[in-house]
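1. below are the sequence and a predicted model for it; my questions follow.
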Amino acid sequence: MSNGNYNPGDSKEEATDSSDPSFSKQRSPDQIKPTNPQDKPADHNKTRLFIRIWRIHRKRQQRVSPPNVAEKITVFLILVTAAIGGIQARIYYQQKKIMESSGQQMDQLIEASEIQASASRRIAEAARRQGYAAGRFADSADSINTQTQAAVNEFHRLADASENTVKANLDIARLEQRPWIIAGINIPAIEADKPLPAGSLNVLNSGRTFAKNVIIESYASFSPIIPTEVPKQVPPVTEKSVSVVAPNITYSNPINWPSTTLSLKQIYPLMSVTNDWYIVTWGTVTYEDVFKAPGHHTTSFCAYRKLSDPGQPLQCAFGNDAN
């Protein structure tokens, strides 16, 4: 038997089949046995049918030539393609699952975003309402602020006025209670050809409290004319630290002349001193008051007189002051 391909063994097998005596002899068919309804078909008949079909299939396989390399490669590629297709189908299935899961998550995110957007809109609406209320409050607050500022300014004015009043009262009290130092000069008549007599500088505290750290500095010089300014050639200073001068107490400080045994003509032989010359005395008295923050005060004095006049010296037009 042929399957469509030429095979040299097919003619031999056909010749053998034709020479088989079983085909040449003809015999009468077997007598058909009467059927018995009680008899059951035998199972071995089915087995024979399967065996015959397998034998026929086996013979056909033996007649077919074995597959070559190209056919094997083709079969292998087909199997590989089928495997890749299966893998791709698996991957596609997994991707589908992931996309479905992502879609669900995206839906949840969209829903959450909508909730947040709704909440944001509510918050924005509340903020607008608060802004409107704040604007109304600001309008009323401006008036309140203006009134408050006016009241604060008035309080400041009253406070400043009170502070100025207190300060003025304190200043008045300190002026009334502070010490006041007055300086006076006592010099007898001087003759140009006789020794200089003793003179004194008298310091009086006319205030109501003690003067502390009292320091006296006095000077004396001689001039042929009435002085118009403090002499530029200052003689040696007569300085005395009295420390304290009580109220209504006078302190006397002696004037130290250049000499108490020589006359002015002898002291200044080249100056032609006469009794019409003038004696000039000046200086300062510094002291402190007794208050908690002590004030520093200074009294300056300047006086002149003709040598031969027995009266009190006259004040200079300069150099007399007190603070």
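-> Now that the structure is in, tell me what you want to look at. Numbering: from 1, shown residues only.
2. quick one: residues contacting the residue nearest to residue 188 when sequence neighbours are not counted.
-> Computed as CB to CB, 6 or more residues apart in numbering, the closest residue to residue 188 that is not its neighbour in sequence is residue 197, at 4.8 Å. In this view, the C-beta of every residue, glycine as well, is placed from N, C-alpha and C. Going by CB atoms under 8 Å, 6 or more residues apart in numbering, residue 197 touches 187, 188, 189, 190.
3. and of these, the nearest to residue 290?
-> Closest approach between the contacts of residue 197 and residue 290, by CB to CB: residue 187, at 32.6 Å.
4. where's the residue lying closest to the closest one once chain neighbours are set aside relative to residue 95, distance?
-> Residue nearest to residue 187 in three dimensions, not counting chain neighbours: residue 199, with 4.0 Å by CB to CB, 6+ apart. Taking CB to CB, to the nearest Å as the measure, residue 199 and residue 95 are separated by 128 Å.
5. settle it for me: which of the two has more neighbours?
-> For residue 199 versus residue 95, neighbours defined as other CB atoms under 10 Å are more numerous around residue 199 (19 against 10).
6. may I see the buried residues of stretch 259-274?
-> Within stretch 259-274, the residues that count as buried by 16 or more other CB atoms under 10 Å are 263, 264, 267, 273.
7. now do the strands in the protein.
-> Assignment of strands within the chain using DSSP state E yields the ranges 181-186, 199-205, 211-223, 238-245, 250-255, 278-288, 296-306, 314-315, 321-322.
8. could the ones you listed be laid out in CSV, adding distance to residue 49 and mean pLDDT?
-> Formatted as CSV, the strands of the chain follow (distance: least, CB to CB, whole Å; pLDDT from 0 to 100):
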stretch, distance to residue 49, mean pLDDT
strand 181-186, 161, 89
strand 199-205, 162, 89
strand 211-223, 153, 88
strand 238-245, 158, 76
strand 250-255, 166, 84
strand 278-288, 151, 91
strand 296-306, 149, 92
strand 314-315, 170, 91
strand 321-322, 159, 91
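9. tell me the mean pLDDT over the longest helix anywhere in the chain?
-> Criterion DSSP state H: the longest helix present in the chain is helix 69-177. For helix 69-177, the per-residue pLDDT values average out at 81.
10. centre of the chain versus it, how much separation?
-> Relative to its chain's centre, helix 69-177 lies at 24 Å (CA atoms, centre = their mean, to the nearest Å).
11. what is that helix packed up against?
-> Using 3 or more CB pairs under 8 Å, 6 or more residues apart in numbering; DSSP states H and E, no helix or strand is in contact with helix 69-177.
12. now the contacts of residue 197: which count as buried?
-> Buried, going by 16+ other CB under 10 Å: 187, 190, out of those.
13. now render the contacts of residue 197 as a markdown table, adding distance to residue 143.
-> Formatted as a markdown table, those follow (distance: CB to CB, whole Å):
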| residue | distance to residue 143 |
| --- | --- |
| 187 | 78 |
| 188 | 83 |
| 189 | 85 |
| 190 | 84 |
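14. quick check: end-to-end length of stretch 190-199?
-> End-to-end distance for stretch 190-199, by CA to CA, to the nearest Å: 10 Å.
15. ugh, typo on my part, it should be stretch 246-266
-> End-to-end for stretch 246-266, by CA to CA: 41 Å.
16. now swap in stretch 281-297 and tell me
-> Where stretch 281-297 begins and where it ends lie 21 Å apart, using CA to CA.
17. could you do stretch 258-274 as well?
-> 17 Å.
18. could I get the contacting residues of residue 58?
-> Contacts of residue 58 (CB under 8 Å, 6+ apart): none.
19. which pLDDT does the model give it?
-> 74.
20. surely residue 287 touches residue 181?
-> Yes - between residue 287 and residue 181 there is a contact under CB atoms under 8 Å: 5.7 Å.
21. how does the chain divide up, domain by domain?
-> Listed domain ranges for the chain are 76-177, 181-322 (source: automatic domain parsing).
22. please identify the most buried of the ones you listed.
-> Stretch with highest mean neighbour count among those: domain 181-322 (a mean of 16; mean count of other CB atoms under 10 Å).
23. now do that one: distance from first to last residue.
-> Start-to-end, domain 181-322 (CA to CA) is 8 Å.
24. do stretch 265-281 as well
-> End residues of stretch 265-281 are separated by 19 Å (CA to CA).
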